[in-house]
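no sequence on hand, only this structure:
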């Protein structure tokens, strides 16, 4: 089955950001971000000044995809948590709502135990938001079918041509 | 899988470069990276072996501009072409919006091209896609080589559904941007179709 397109509206985006912000503070983390399984960054909070978050998102998704492959090879459905330990910074990666990836980067101000605990709570919050998004996308499909149109149904060939004019 | 972010007013699409090993997929990306201005591109990531063969993927994010107030961003990926990396290729096809097949024009690589298209067809089907309907563009790369097979013969052997086909020499950039544009155009047209 082809996975459903992901659509993110402002209301849910704000809820996601709030959940990530709370996690950042409660876990004393440096950076918390959410990526979809295809490597698209959804939201990030914390100190991003020195980090290329687009690359981080793509590599995280690659990492999770490769680990998923390994899991299936040995008969597991998935490895729901990955942890990489560095000299100074560590990365905790977990799966939310089966389709998005929650990444927490933390140093020695936090402990792995604390991060795991806080991630569990944030995951429940985020899963509720993604359920809401799922319902909204379904609702929008009905709306489109009846009267409203999505903003992209009106894209013209000229709009597309303009993208490539240099 | 297109990602429409209303909060950030962005559309994100994923295009995958597919094809046999040493066909020039990474070279296509490298050229696009080199000629795109800094403001419109992110860092290019290459997960390669010590001998510069793609091990997992190359990745390049580029911004194409705006449509209807939405920033249009494409994530370009290459797959590792070598036959034994099939598990990795399947992973990279997940969530793909469009495929560019980079064929090697050299006569001794014709069989590898055909085999790679077969492999693409199989792997797309496993992910729930159909090569007959997914946005798809064909590129005949390495046209500058003396052993290049005539274009009409390549077309006959490799074109599967009348998809847009481009001649290219990726190392000099010839045909590279036209190939990408054709794929991006198909992806956006598809987005319009499913939104309508």
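That came through fine. Owing to the predicted nature of the structure, the values given are computational and were not obtained by experimental measurement. Numbering: from 1, shown residues only, chains lettered A, B, ... in the order given.

can you verify my assumption that residue B:189 contacts residue A:160?
Yes. Using CB atoms under 8 Å, residue B:189 makes contact with residue A:160 at a distance of 7.2 Å. For glycine as for every other residue, the C-beta is placed from the backbone atoms N, C-alpha and C.

report the buried residues of stretch A:98-114.
For stretch A:98-114, the neighbour count (16 or more other CB atoms under 10 Å in any protein chain shown) marks A:100-106, A:110 as buried.

in which helix or strand does residue B:56 reside?
strand B:54-67 (DSSP states H and E).

give the next helix or strand downstream of that strand.
In the C-terminal direction, the helix or strand that comes right after strand B:54-67 (DSSP H and E) is strand B:70-78.

quick one: average pLDDT of that next one?
Averaging pLDDT along strand B:70-78 yields 93.

after it comes which helix or strand?
For strand B:70-78, the succeeding helix or strand toward the C-terminus, using DSSP H and E, is helix B:86-93.

what's the angle from the helix or strand following that following helix to helix B:86-93?
Later in the chain than helix B:86-93, the nearest helix or strand by DSSP H and E is strand B:98-104. If you take axes from the mean of the first three to the mean of the last three CA atoms, to 10 degrees, strand B:98-104 sits at 140 degrees to helix B:86-93.

what pairs with strand B:98-104, parallel or antiparallel?
Strand pairing for strand B:98-104, determined by DSSP bridges: strand B:10-18 (parallel), strand B:136-141 (parallel).

quick check: mean pLDDT of the first one?
Along strand B:10-18, the predicted local confidence has a mean pLDDT of 94.

angle of that strand against strand B:70-78?
Taking the same axes, to 10 degrees, one finds that strand B:10-18 is oriented at 20 degrees with respect to strand B:70-78.

distance from strand B:10-18 to the middle of the chain?
Centroid separation for strand B:10-18 versus its chain: 9 Å, with CA atoms, centre = their mean, to the nearest Å.

what of the last one?
Remark: strand B:136-141 is offset 8 Å from the chain centroid, using CA atoms, centre = their mean.

the following helix or strand past that strand packs against which elements?
Remark: after strand B:136-141, the chain's next helix or strand is helix B:151-158, criterion DSSP H and E. Under the contact criterion of 3 or more CB pairs under 8 Å, 6 or more residues apart in numbering or on different chains; DSSP states H and E, helix B:151-158 touches strand B:98-104, helix B:110-126, strand B:136-141.

quick check, the second one touching chain A?
No. Helix B:110-126 lies out of reach of chain A by CB under 8 Å from any CB of the partner chain, never closer than 10.3 Å.

which elements pack onto that helix?
The criterion is 3+ CB pairs under 8 Å, 6+ apart, and the helices and strands that helix B:110-126 contacts are helix B:86-93, strand B:98-104, helix B:151-158.

distance between the next helix or strand after the last one and the chain's centre?
Spelled out, it's helix B:151-158. Next helix or strand after helix B:151-158 toward the C-terminus (DSSP H and E): strand B:165-167. In terms of CA atoms, centre = their mean, the centre of strand B:165-167 is found 13 Å from the chain centre.

by contact count, what packs against strand B:165-167?
Counting by 3+ CB pairs under 8 Å, 6+ apart, strand B:165-167 packs on strand B:136-141, helix B:176-195.

circling back: out of the buried residues of stretch A:98-114, who's nearest chain B?
residue A:100 (10.8 Å; CB to the nearest CB).

not counting sequence-adjacent ones, nearest residue to that closest one?
Once flanking residues are discounted, residue A:100 sits nearest to residue A:36: 5.3 Å by CB to CB, 6 or more residues apart in numbering or on different chains.

repeat that for residue B:61.
residue B:42 is the one closest to residue B:61 (CB to CB, 6+ apart), at 3.9 Å.

can you check residue A:77 too?
Nearest non-adjacent residue to residue A:77, counting by CB to CB, 6+ apart: residue A:71, 6.7 Å away.
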